[in-house]
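Student: coords below, sequence missing:
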């Protein structure tokens, strides 16, 4: 009988999976009590944490292990990107069944390592435990030049509202993934976005450097849930135009608009831009479309203009407590 | 029918429960994408995260809600204390059933607030979701004067080995709690330690300021599991003397020694001290005993002297993967 897996075994596999072999990116052995980070001069530290739970946020039998590894870090990093910041390191809370400490764990690390490299965000520490279900909690630590973080609260009436990329793809990918048995493959843009989302890190940093965004957040729960949050934080309203939404070509038009309004998990950026500087925005940045979808208004209402009529936009995005 | 609880409702209750009313300790509204922390000059940032999961780390029907709130923060803070650091803020990952968003959540926040005040560690952000089981992930961010953190790796042969407080109490408290039905009360020192552990923060900081500890860690999994970790990190061995262990008076002597060797969750400090400065240690610090329990040796072995014989000390502490 093989020796039962211990917590230290799992942690050893983690330290082996990361190239700094037993030391974290910060030079401290991963087996010390905590990680030490030396802040860079002139920078503020950004802190964010995100759940990624089997059944709630991913499906054990549909999301391949490497997609779970990629996505858990990518989505947590998205909050750093949404402030125009740079990720620096992450902490991994990982609970998993003993049966998943072999090939599944290797696949998970492979995806996690690819994400860590893509976002220049290294493993700094964490906590592991055994559990019947796969539970993941990721904390990302980033940095941003002091006082320069792009917040949700800076939008003013008259600002133009922009989004990056195509909206609704991740939700469409989820539908495709749920329809078929077995592990999903990134066969099209929708499944690729569902499995391996890529928060537009370079775009967020470029908007910050060029002082172009008056307010910004990431689209994690869907435009109809997230836009009201940005508007509320700024004390404004917004009007968006359905015909201007960057919808997916993989669905028909009506469905594409509904997906773009309410679909979650795109991890694209939603931001407002003062009218005077809006012309400085290119049509694409690093290959991703930047689309004007409406404008900030003086009231408190969030409305959408669709087929010639203007109506309130009710949140239809994802809320785990509403499920 | 009452309106179903949403994720924003839960988050609103969190922001109401914390005295900064909607702003975190760092001045950023809790509903922005991420928290911003301005590092203090001359300080390094310490990062640690810890699971606190129903069934694995606490029992829903035995640990009162306020004990869950207190303990989830106290145990994560213990890793900051173990480096001689000062906690600064924490991120809370909280998943809970809709049925627990009323009185249970209020009790939880009450304990969490008490701990936040006791450890001067304020809520900076987090993530909430609905789940059948109560899942908690806490990330604590602390700070320590640059280059001064007390690590596990500094012990040398000849150093004396010390522990703070009484060992084995939390494990004894767990036994008492498991034996009775219903929520446990802190009726004695063992139950108090199990429900409301208090990592000796002032002691850790005092040892750092006075450069008294050559290596240090917290006792979370039990002496027989944790001492080998400190020894391995330092490349040394250790010999401890059973008769010197600060055992609980609530168990008989043999049981007390076994609890002190293998019992987890005490969150006391284990540290080594160079012989030349050992006499500068008082017998108690802030009301907590400091007890010399043995010494660091040149070999790699961890041994215990008990009833006149010396034998290897096998890890018997808590490992979730071994359960």
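Tutor: Looks like it came in fine. All values derive from a computational prediction rather than experimental measurement. Numbers count the residues shown, from 1 in each chain, chains lettered A, B, ... in the order given.
Student: and the gap between residue A:278 and chain B?
Tutor: 22 Å (C-beta to the nearest C-beta, to the nearest Å). Placement of C-beta: from N, CA and C, glycine included.
Student: again, but for residue A:218
Tutor: Distance, residue A:218 to chain B, by C-beta to the nearest C-beta: 6 Å.
Student: what of residue A:44?
Tutor: Residue A:44 is 5 Å from chain B, where distance means C-beta to the nearest C-beta.
Student: need the pLDDT of that residue.
Tutor: At residue A:44, the pLDDT value in this model is 95.
Student: just checking, residue A:185 touches residue A:196?
Tutor: No: applying C-beta atoms under 8 Å as the test, residue A:185 and residue A:196 come out as separate, 11.0 Å apart.
Student: looking at the two, which is more packed in?
Tutor: Between residue A:185 and residue A:196, counted using other C-beta atoms under 10 Å in any protein chain shown, residue A:196 has the larger neighbour count: 19 against 13.
Student: what's around the nearest residue to residue A:298 once chain neighbours are set aside, how many residues?
Tutor: In this structure, residue A:298 finds its nearest non-sequential neighbour in residue A:157, 4.0 Å apart by C-beta to C-beta, 6 or more residues apart in numbering or on different chains. Using other C-beta under 10 Å, residue A:157 has 14 neighbouring residues.
Student: ok, now residue A:178?
Tutor: Count around residue A:178 with other C-beta under 10 Å applied: 10.
Student: so which strand or helix has the residue nearest the centre of chain A?
Tutor: By C-alpha atoms, centre = their mean, chain A has its centre lying nearest to residue A:75, at 3.0 Å. Element membership for residue A:75, per DSSP states H and E: helix A:65-81.
Student: pull up the pairing partners for the helix or strand that that helix is followed by, direction included.
Tutor: Next in sequence after helix A:65-81, counting helices and strands by DSSP H and E, comes strand A:86-96. In its sheet, strand A:86-96 lies beside strand A:122-130 (parallel), strand A:135-145 (antiparallel), with partners assigned from DSSP bridges.
Student: stretch A:217-233: which residues count as buried?
Tutor: For stretch A:217-233, the neighbour count (16 or more other C-beta atoms under 10 Å in any protein chain shown) marks A:217-231, A:233 as buried.
Student: just stretch A:141-153 next, same as before
Tutor: Buried residues in stretch A:141-153, counted by 16+ other C-beta under 10 Å: A:141-144, A:149-153.
Student: mind picking out the helix or strand in chain A with the poorest mean pLDDT?
Tutor: When the helices and strands of chain A are scored by mean pLDDT, DSSP states H and E, helix A:7-17 comes last with a mean of 70.
Student: next secondary structure element downstream of that helix?
Tutor: Using DSSP H and E, the next helix or strand after helix A:7-17 towards the C-terminus is strand A:35-37.
Student: now that following strand, how far from the centre of its chain.
Tutor: 24 Å (C-alpha atoms, centre = their mean, to the nearest Å).
Student: what is it packed up against?
Tutor: Applying 3 or more C-beta pairs under 8 Å, 6 or more residues apart in numbering or on different chains; DSSP states H and E, we find strand A:35-37 packed against strand A:86-96, strand A:122-130, strand B:43-53.
Student: will you turn these into CSV that also has mean neighbour count?
Tutor: Supplementary listing: the helices and strands packed on strand A:35-37 in CSV, determined by neighbours: other C-beta atoms under 10 Å in any protein chain shown:
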stretch, mean neighbour count
strand A:86-96, 25
strand A:122-130, 23
strand B:43-53, 25
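Student: pick out the shakiest of those, pLDDT-wise.
Tutor: Across the helices and strands packed on strand A:35-37, strand A:122-130 has the smallest mean pLDDT, namely a mean of 91.
Student: now do that one against helix A:65-81, angle only.
Tutor: 130 degrees (axes from the mean of the first three to the mean of the last three C-alpha atoms, to 10 degrees).
Student: between strand B:43-53 and strand A:122-130, find me the angle.
Tutor: 20 degrees.
Student: that older thread, tell me which two in the buried residues of stretch A:217-233 are the farthest apart.
Tutor: Using C-beta to C-beta, the buried residues of stretch A:217-233 reach their maximum pairwise distance at A:222 and A:233, which is 17.0 Å.
Student: end to end, how far does stretch A:275-294 reach?
Tutor: End-to-end distance of stretch A:275-294 (C-alpha to C-alpha, to the nearest Å): 12 Å.
Student: and it, which residues are buried?
Tutor: Going by neighbour count (16+ other C-beta under 10 Å), the buried part of stretch A:275-294 is A:281, A:285, A:288, A:290-294.
Student: that stretch - what's its average pLDDT?
Tutor: On average, stretch A:275-294 scores 97.
Student: run through who's touching it.
Tutor: For stretch A:275-294, the surrounding residues in contact (C-beta atoms under 8 Å, 6 or more residues apart in numbering or on different chains) are A:158-166, A:200, A:202-203, A:206, A:210-212, A:238-241, A:244-246, A:273, A:305.
Student: please apply the same query to stretch A:49-56.
Tutor: For stretch A:49-56, the external contacting residues (C-beta under 8 Å, 6+ apart) are A:57-58, A:60, A:68, A:71-72, A:75-76, A:79, A:133-140, A:320, B:49, B:91-93, B:95, B:125-127, B:129-131, B:135, B:137, B:139.
Student: also stretch A:245-254?
Tutor: Applying C-beta under 8 Å, 6+ apart, the set of residues contacting stretch A:245-254 is A:163, A:165-169, A:172, A:188-190, A:223, A:256-257, A:259-261, A:289, A:291, A:293.
Student: one more pass at 6 Å, please.
Tutor: Stretch A:245-254 is contacted by residues A:166-169, A:172, A:190, A:256-257, A:260, A:289, A:291, A:293 when judged by C-beta atoms under 6 Å, 6 or more residues apart in numbering or on different chains.
Student: how long is that stretch end to end?
Tutor: Stretch A:245-254: ends 12 Å apart by C-alpha to C-alpha.
Student: which parts of that stretch are buried?
Tutor: Neighbour count says stretch A:245-254 has A:245-248, A:250-251 buried, by 16+ other C-beta under 10 Å.
Student: of all those, which two lie farthest apart?
Tutor: Greatest spatial distance in these: A:245 and A:250, 14.5 Å, computed using C-beta to C-beta.
Student: how about residue A:193, what does it touch?
Tutor: Going by C-beta under 6 Å, 6+ apart, residue A:193 touches A:169-170, A:173.
Student: what do you get if the cut-off is 8 Å, keeping everything else the same?
Tutor: Applying C-beta under 8 Å, 6+ apart, the residues contacting residue A:193 are A:166, A:169-170, A:173, A:265-266.
Student: and these, which is closest to residue B:99?
Tutor: The nearest member of the contacts of residue A:193 to residue B:99, counting by C-beta to C-beta, is residue A:265 at 27.1 Å.
Student: that closest one against residue A:171, yeah?
Tutor: Yes: the pair residue A:265 / residue A:171 is scored as a contact, 6.6 Å apart, by C-beta under 8 Å.
Student: common neighbours of the two, please.
Tutor: Counting by C-beta under 8 Å, 6+ apart, the residues touching both residue A:265 and residue A:171 are residue A:194.
Student: and chain A, what are its domains?
Tutor: A:7-145, A:152-312 (automatic domain parsing).
Student: quickly, which of the ones you listed bottoms out on average pLDDT?
Tutor: Lowest mean pLDDT within the domains of chain A: domain A:7-145, at a mean of 89.
Student: count of residues packed around the nearest residue to residue A:107 once chain neighbours are set aside?
Tutor: Spatial nearest neighbour of residue A:107, chain neighbours left out: residue A:65 (3.1 Å); criterion: C-beta to C-beta, 6+ apart. If you count neighbours by other C-beta under 10 Å, residue A:65 ends up with 21.
Student: residue A:65 and chain B: what is the separation?
Tutor: Applying C-beta to the nearest C-beta, the value for residue A:65 to chain B is 19 Å.
Student: any idea how far that residue lies from residue A:103?
Tutor: Per C-beta to C-beta, to the nearest Å, residue A:65 is found 8 Å from residue A:103.
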